[in-house]
Structures are given as structure tokens and as C-alpha cells.
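Q: got a sequence here, can you model it:
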Amino acid sequence: MLLEFDDQDGLIRDRALLDPNYVVEEDRIVGRDKQLQEVTKMLRVALGDNRPPNLFLYGPSGTGKSLITKAVCHNIRRICESRDIQFGTIEVNCQDLDTLGIAVYELVQQAADAAGVPVEVPKHGVATKEKWDELYRIVNEHFDSVVFVLDELDMLVGRRDKQEPAFSRLLYQLSRAGANDELNAYISVVAISNDTKMMESVGSRAVSSFTPEDVHFDDYDANQLQAILRRRQDAFHDDVVDDDVIPLAAAFAAQTHGDARKAIDLMRVAGELAEREGDNRVREKHVRTAQEKVEKNRVLEVVRGISTQKKLCLYATAAVASQTEGGTARSTTGYRVYQYLTDALDADQYHQETYVNKMKELTTYSLVDFERRSHGPSSGMFLEFQFGERPETILETLREDSRIEAISESEVTSVVKAQIRNQT
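A: Residues are numbered from 1 along each chain as shown. Have a look, this model is predicted:
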């Protein structure tokens, strides 16, 4: 039976096209003509004997920031090869990097991989300066031009005893290296963030040396999401996708802040469900089932690997969002609900700054986004969280944890409503 199943063609012809991280050709990139043109125009100077400018790409998750950067760098590298220019893209995702030293070593490792050479310093037990020196050595010996891509850069906060976040110090060091003749190659730094206000936390020295060109990415609308999916429809065999499948998948994704990653995931899961059922077509019912599955799986994927403390932060924030008209939650209100939860469980309690940072860490999973807000000079700043999935789904999933299940839902709801009334 297994061999018979393997011999079947199935419905999906090219699964790579249904991977949101797959770097597609430029003609498959939809709804980002302006951003594609801007990034291409600014980075293409690497094809000549010039240094590309630094870039800051910002906007919500799943709006094409990383995709466009990778696609443009891929095309530049291809052209540079034909012109005997040694061009490299050194890319790191900062979401799981705890300190500046670890981030620098990751850059060293990626540079070495791109050059096809070994790293000559250890990851631990040496000063960060030695790691910087190794990075400069590899780049100087193997590249004429390099683009450093720092994805999810705002997540690189580093040690709390430092006056400025680690991402600020990383930007400063990288952007000044060329000016100080530590790097002979032309370098450009592309900083990518979901946090539109990230640059407000960058120190003055780093701002002065980084001086990026800003490129904003806004949410995709339902029509753009449909166009994205139609450009990937050839991932399926001909005439196996019902006409209402793509509009429905796009509509579901548009409801959660226009996330193209979710739209592509929905199509993949719908196709896989149809294949498992032995259906000869992908139908509307498969998309609806996929929506439930993807939503639940995305939440499960996050909560399965996080601590009880982080679950409590997430539960408190989702509980607030579930009771507000716009489905958002202020960090100040969420923290007070979090305090109630930890008191109810007699659990350790984070300070408010740590609670906020734990919530910010969850943005890397496209589960939560946030914006900094203020209601006037006297009210102070706070973060406003919004969820990539329905807050009710998050609450339902988190209550599968026996400790959280022990807390009365009705009491939590009462506390949340009281705190929302007290918002100023």
C-alpha cells in the first residue's frame, strides 16, 4: 500500500513553491513593485566599484521584507559572478541570539560558509574583539563587496547592564568598519525589523554611522494576497485547484494583518489535506480545515517550546485582546493581568520590563506584533500588542496546560474587564 501511495502523482507538483521561505524569482513577487525597485536601485551599485547604502526595512511580519532582500541579493550575486566580482550576502536572523558576542560569531560563521573556509576562532572563551577581527579577515580575503542582512534585528537586545541594546552596538561596529579601514571590501548593512520604532532605540553614535535609507512595507490586502497565491499556483498540477480556493485562502490571511506567509501555508496545508483524503481536487472545505489546523498549529508550535512564565505572559495579553473592540492589548494592562495570574498560581513574577521583553520575543513567530503608542505627554509610552491569530484560539490552546487550566476563566475575564475600564 505504501509503495502504491508513493507511485501516485498527488496534487502538489512543486512543494518548494509552497514554502514561505523559498526565494522565488522576481516575477513571482507581487504587490511590492515600489519596494523591489527601491531595494534593487540602492543595492545594485555593488555591481560597479561603489559601496551600496545601508538600508532599514520595516513593517509587519509576512510582508515581503526578507523575501525581497534575498531575491535582490541573489540576482546581484549572479551578475557579479559573470563580471568576476566577489560579492557575498552574509545573513543572520537575530531572534535567538542572546548577546553581541554570539551575534558577531554567527556573522563570522556565515561569512566563512559563504567563502568556503573554516572559522579560526572558537565560539566561546575569546573576547568579542577577536571575533570581529576574524570577520574582517574573512571578508577582506574573500570578498570585494558584502551585504550584511540582519533580520529580526530588534530582537538582539543583549545584556541589561548595557546602556544601549546590542543591536545598536552591532550596527555601530559594522557601519563604521569600512570608514575605519578595518574592511577593504565595500559593505552595506540591511537591518530588517517588524518594529517600526526600532531606530528610536539606536544610540546616537550608531545612528550617525549607520544613516540608512528607509523602506516601509505595509500589510498586503486580500487582492494582493490572491495575486501572490496565483503566482504560486503552478506548485499544483494543472486544473486541480477549485476556483474558490485561492480567494478564500487570501481572505483568511487578510484577516490576520495581511500575512503572505500564512496565505502560502494555507495553500500547502489544504493541498496536503486533499492528498491525504485521496481527493482529486483541492476544495473550499480543505481551505477551511486548513485554516483551523494552521491557526492551531502555529499557536501549538509556539507554546509547546516556551516556559510556563512566558505562557502566563501570553495568556494575560491574549485575555486582554479578547475583550477589546480592536483585538489589541496594551502592555500596561496585560502586565496587571499577568500579575493576577502569577498571584493566583503563587508563581514567580517578572518585572514589567521583563514581561514586555518576553512578549516581544514572541513576535518572531508571527504570533504577536506590537507598536509603541502614547496617549499624550503625561501618559507615557506603552506597547500595543495585536495577534496574528484569534486571541480565543491562543487562550484555548494555552489552557491545555494544567496549571493555567486551574485558573478560573470567569475570574480572569472579570479581572481583564476591570483593568480595561481602568485604562487611562
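Q: the strands in the stretch 1-150 of the chain, which residues?
A: Along the stretch 1-150 of the chain, the segments classed as strands by DSSP state E, counting those that start in this stretch run 55-58, 87-93, 145-151.
Q: dump the ones you listed to CSV, plus distance to Ala263.
A: Just so you know, the C-beta spots here come from the backbone N, C-alpha and C atoms, and that holds for glycine as well. Formatted as CSV, those follow (distance: least, CB to CB, whole Å):
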stretch, distance to Ala263
strand 55-58, 20
strand 87-93, 21
strand 145-151, 20
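Q: so which of these is nearest Arg403?
A: Minimum separation from Arg403 across those (CB to CB) falls at strand 87-93, 31.1 Å.
Q: okay, the angle between that closest one and strand 145-151?
A: Counting by axes from the mean of the first three to the mean of the last three CA atoms, to 10 degrees, strand 87-93 points 10 degrees away from the direction of strand 145-151.
Q: what comes up buried for strand 87-93?
A: 87-93 (16 or more other CB atoms under 10 Å).
Q: domain assignment for the chain?
A: Split into domains by automatic domain parsing, the chain comes to 2-17+220-301, 32-216, 305-421.
Q: and those domains as a markdown table, adding distance to Val24?
A: As requested, those are arranged in a markdown table below (distance: least, CB to CB, whole Å):
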| stretch | distance to Val24 |
| --- | --- |
| domain 2-17+220-301 | 7 |
| domain 32-216 | 7 |
| domain 305-421 | 19 |
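Q: output these in a markdown table; the columns should cover distance to Glu25 and mean pLDDT.
A: A markdown table is the format used below for these (distance: least, CB to CB, whole Å; pLDDT from 0 to 100):
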| stretch | distance to Glu25 | mean pLDDT |
| --- | --- | --- |
| domain 2-17+220-301 | 9 | 88 |
| domain 32-216 | 8 | 90 |
| domain 305-421 | 24 | 88 |
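Q: which helix is the longest one in this protein?
A: helix 284-303 (DSSP state H).
Q: the helix or strand just after that helix - contacts with which helices or strands?
A: Downstream of helix 284-303, the next assigned helix or strand under DSSP states H and E is helix 308-321. Applying 3 or more CB pairs under 8 Å, 6 or more residues apart in numbering; DSSP states H and E, we find helix 308-321 packed against helix 284-303, strand 328-330, helix 331-345, helix 352-361, strand 381-387, helix 391-398, helix 402-405, helix 409-421.
Q: quick one, which of the ones you listed gets closest to Glu164.
A: Across the helices and strands packed on helix 308-321, closest to Glu164 is helix 352-361 (CB to CB), at 15.2 Å.
Q: and the very next helix or strand once past that closest one, what does it pack onto?
A: Per DSSP H and E, the first helix or strand lying C-terminal to helix 352-361 is strand 368-374. The contact analysis (3+ CB pairs under 8 Å, 6+ apart) places strand 368-374 against helix 352-361, strand 381-387.
Q: deepest of these, which one?
A: Sort those by mean neighbour count, taking mean count of other CB atoms under 10 Å, and strand 381-387 sits at the top with a mean of 20.
Q: given that one, what are its sheet partners and their directions?
A: Sheet pairing of strand 381-387 (DSSP bridges) gives strand 328-330 (antiparallel), strand 368-374 (antiparallel).
Q: of these, which is nearest Leu156?
A: So among the strands paired with strand 381-387, strand 368-374 is nearest, using CB to CB, at 16.6 Å.
Q: mind listing residues that contact the closest one?
A: By CB atoms under 8 Å, 6 or more residues apart in numbering, the residues outside strand 368-374 that reach it are 60-61, 194-197, 200, 257, 314, 317, 330-331, 359-360, 362-363, 380-388.
Q: tell me which residues touch the closest residue to Glu295 other than its chain neighbours, please.
A: What sits nearest to Glu295 in space, not counting adjacent residues and going by CB to CB, 6 or more residues apart in numbering, is Glu389, at 4.9 Å. Going by CB under 8 Å, 6+ apart, Glu389 touches 256, 295, 298-299, 367.
Q: may I ask which two of these are separated the most?
A: Greatest spacing in the contacts of Glu389, by CB to CB: Thr256 and Val299 (12.0 Å).
Q: rewinding a little: closest to Lys131 out of the strands of the stretch 1-150 of the chain?
A: Nearest of the strands of the stretch 1-150 of the chain (CB to CB): strand 87-93, 12.9 Å.
Q: who does the closest one pair up with?
A: Using DSSP bridges, the strands paired with strand 87-93 are strand 145-151 (parallel).
Q: for the next helix-or-strand element following the strand it pairs with, name the packing helices and strands.
A: Beyond strand 145-151 on the C-terminal side, the first helix or strand identified by DSSP H and E is helix 166-177. Packing partners of helix 166-177 (3+ CB pairs under 8 Å, 6+ apart): helix 100-115, strand 145-151, strand 186-193, helix 204-210.
Q: so which of those comes closest to Ala418?
A: Nearest to Ala418, of the helices and strands packed on helix 166-177 and by CB to CB, is strand 186-193 at 34.6 Å.
Q: give me the angle between the closest one and strand 145-151.
A: Using the same axes, to 10 degrees: strand 186-193 against strand 145-151 is 10 degrees.
Q: Gly101 contacts Lys129, correct?
A: No: in this structure Gly101 lies outside contact range of Lys129 using CB atoms under 8 Å: 9.7 Å.
Q: these two: which is more packed in?
A: Taking other CB atoms under 10 Å, Gly101 and Lys129 do not tie; Gly101 has more neighbours (21 against 11).
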